[in-house]
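A.B. asks: coordinates for the following, if possible.
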Amino acid sequence: MKNHIVCLSTTNYHPLPTRKQNVMSRLRNSEVLYFDPPVSVIAPLKDKKAAAYLGKHKQPGEPVEGHENITVYALPPVLPFFNKFRWINRLNQKRQAKFVREKMKAHGFGEETVLWCYSPSSCDIVEHVPHSKLVYDCVDRHSAYKGHITPAVVDGMERDLAKPADQVFATAVGLAETLEKINPSTQMIPNGAAYEIFSRVQTEKGRLPCPEEMRNLKHPVFGFVGMLQECIDYALIETLARERPDATVFLIGRTLPGVDLTHLQQYPNIVFHGLVPQPELPAYLAQMDVCLNLFRAGALSRDVSPLKFYEYLATGKPVVSTREPLQVEDFADVVYIAREPEEFLPLCDAAAAENDPEKAEQRLAYGEACSWTERVRQMEEALYKKGVLHES
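C.D. replies: Numbering: from 1, shown residues only. Modelled structure (predicted):
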């Protein structure tokens, strides 16, 4: 008998794979109903792309190509300010639960379902959705986000979700330390990398096609892959572009709403490329001389577990990082860590000049040890032991 899993995600299944998709697609002997997070009814006022998503919950479920055991649904839109007022969240979650129950019934899911949550707001859906086991996978310091949020309310919702959970996972030490006080079952399992994809930078070295957009760039090329969000240290990016005018800073990713990067557009050696599908990323990373992992100091950055960092390791390429997130210190033997801003430029120069095959091999080894295959194996081990999931 297969495990029946209802995954209430904080990330849409398409187009970019994050921890949620990587975990759900690797769980063995499981059928998954994956629910994309709802948009607020006022979201289109801030982000025009959200308007197209308002009615998506009315569409039929979408099976995932290559993972036919996963069906994706979009949750109905919600009232805003649910991270400020708990009563609004309760109203939202009661409505969401009705939608989830309908889809569960259509797929033959019943009381044996495992409810797998990623957002503290899901605390108020638990009592309305039939399930036998509850998993909370904490990937961020949710109360540290900016916007329409009251930290005490979010922390309270997280406590109410984590306390009754049969298993809690956390991606960073700080998150785990907080959640262990609420639920002793908490286990830290950081994010990982699709090693089989990103290691192609080394295994297919010299054979990957050079993307047209990178053909005539000035080297060294310093590359960044990931969402251009508020917690990234853009001051360091600007410093690099200004002080190294003969180098190129190549940014792959979407700029999130509310992030203003117009001050960086004055630099001709900064390239804003936009999103690249994951299977195509190795060709771009192969043309980069150095990979950048840059976060501004703060509660959110300290406890983040960036996928990009582990993906960089899996390429074998030199990596320059800020001292946050704290997990980078575990790889200090092969990563150039700028613990102070004045160290950043010299370390960029050193990384660009690196010619050390042993360091490249060690980064690859770390990348393999941090693969999603290994991360999910660790999660399954804990879940099998507790009877949350069964192997067959």
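A.B. asks: and the pLDDT at the spatially closest residue to residue 238 that is not a sequence neighbour?
C.D. replies: Distances taken as CB to CB, 6 or more residues apart in numbering put residue 264 closest to residue 238, at 6.0 Å, once the chain neighbours are dropped. All C-beta spots, glycine's among them, are computed from the backbone N, C-alpha and C. Listed pLDDT for residue 264 reads 96.
A.B. asks: could you do the one 10 residues further on as well?
C.D. replies: According to the per-residue confidence, residue 274 scores 92 in pLDDT.
A.B. asks: next up, the contacts around the spatially closest residue to it that is not a sequence neighbour.
C.D. replies: Among residues not flanking residue 274 along the chain, residue 254 sits closest, at 6.6 Å (CB to CB, 6+ apart). Going by CB atoms under 8 Å, 6 or more residues apart in numbering, residue 254 touches 227-228, 274-275.
A.B. asks: which two of these have the greatest separation?
C.D. replies: 227 and 274 (11.5 Å; CB to CB).
A.B. asks: re earlier: from the contacts of residue 254, pick the one nearest residue 282.
C.D. replies: residue 275 (15.3 Å).
A.B. asks: what ranges does the stretch 101-250 of the chain have for its strands?
C.D. replies: Here the stretch 101-250 of the chain has its strands, by DSSP state E, counting those that start in this stretch, at 114-117, 133-138, 167-170, 187-188, 221-225, 248-252.
A.B. asks: let's have those strands in TSV, adding mean pLDDT.
C.D. replies: Listed next are these as TSV, based on pLDDT from 0 to 100:
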stretch	mean pLDDT
strand 114-117	98
strand 133-138	98
strand 167-170	98
strand 187-188	98
strand 221-225	98
strand 248-252	98
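A.B. asks: take these and write them to JSON lines, including mean neighbour count.
C.D. replies: As requested, the strands of the stretch 101-250 of the chain are exported to JSON lines (neighbours: other CB atoms under 10 Å):
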{"stretch": "strand 114-117", "mean neighbour count": "25"}
{"stretch": "strand 133-138", "mean neighbour count": "23"}
{"stretch": "strand 167-170", "mean neighbour count": "25"}
{"stretch": "strand 187-188", "mean neighbour count": "18"}
{"stretch": "strand 221-225", "mean neighbour count": "24"}
{"stretch": "strand 248-252", "mean neighbour count": "22"}
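A.B. asks: need these in TSV (columns: distance to residue 93).
C.D. replies: Converted to TSV, these look like this (distance: least, CB to CB, whole Å):
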stretch	distance to residue 93
strand 114-117	11
strand 133-138	14
strand 167-170	19
strand 187-188	26
strand 221-225	34
strand 248-252	35
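A.B. asks: residue 331: which of these is closest?
C.D. replies: Counting by CB to CB, residue 331 lies closest to strand 187-188 out of the strands of the stretch 101-250 of the chain; the figure is 16.1 Å.
A.B. asks: can you tell me what sits against the closest one?
C.D. replies: Contact partners of strand 187-188, identified using CB under 8 Å, 6+ apart, comprise 167-173, 175-176, 378, 382.
A.B. asks: repeat for stretch 328-335
C.D. replies: Stretch 328-335 has contacts (CB under 8 Å, 6+ apart) with 293, 309, 313, 319-323, 337, 359, 362-363, 366.
A.B. asks: then it to PDB, C-alphas only?
C.D. replies: In PDB, the C-alpha atoms belonging to stretch 328-335 read as follows (Å, rounded to 0.1, in the frame of the first residue of the first chain):
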ATOM      1  CA  VAL A 328      28.900  27.800   5.000                       C
ATOM      2  CA  GLU A 329      31.500  27.500   7.800                       C
ATOM      3  CA  ASP A 330      31.100  23.700   7.500                       C
ATOM      4  CA  PHE A 331      32.900  24.000   4.100                       C
ATOM      5  CA  ALA A 332      35.500  26.600   5.000                       C
ATOM      6  CA  ASP A 333      38.300  24.400   3.700                       C
ATOM      7  CA  VAL A 334      37.100  24.900   0.100                       C
ATOM      8  CA  VAL A 335      35.000  28.000   0.100                       C
END
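A.B. asks: re the thing from before, among the contacts of stretch 328-335, which one sits closest to residue 107?
C.D. replies: Of those, the one sitting nearest to residue 107 (CB to CB) turns out to be residue 309, at 36.0 Å.
A.B. asks: picking that back up, from the contacts of stretch 328-335, which has minimum pLDDT?
C.D. replies: Within the contacts of stretch 328-335, lowest confidence goes to residue 323 (93).
A.B. asks: ok, that one - contacts?
C.D. replies: Residue 323 sits next to 329, 337-339 when contact means CB under 8 Å, 6+ apart.
A.B. asks: tell me how far it lies from residue 148.
C.D. replies: For residue 323, the distance to residue 148 equals 30 Å [CB to CB, to the nearest Å].
A.B. asks: repeat for residue 232
C.D. replies: Distance, residue 232 to residue 148, by CB to CB: 22 Å.
A.B. asks: more neighbours: those two, which one.
C.D. replies: A direct count of neighbours by other CB atoms under 10 Å for residue 232 and residue 148 places residue 232 higher, at 24 against 13.
A.B. asks: give me every residue that touches residue 364.
C.D. replies: Applying CB under 8 Å, 6+ apart, we find residue 364 in contact with 199, 202, 313-314, 316.
A.B. asks: can you put those residues in JSON lines and add distance to residue 190?
C.D. replies: Output for the contacts of residue 364, formatted as JSON lines (distance: CB to CB, whole Å):
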{"residue": "199", "distance to residue 190": "18"}
{"residue": "202", "distance to residue 190": "22"}
{"residue": "313", "distance to residue 190": "12"}
{"residue": "314", "distance to residue 190": "14"}
{"residue": "316", "distance to residue 190": "19"}
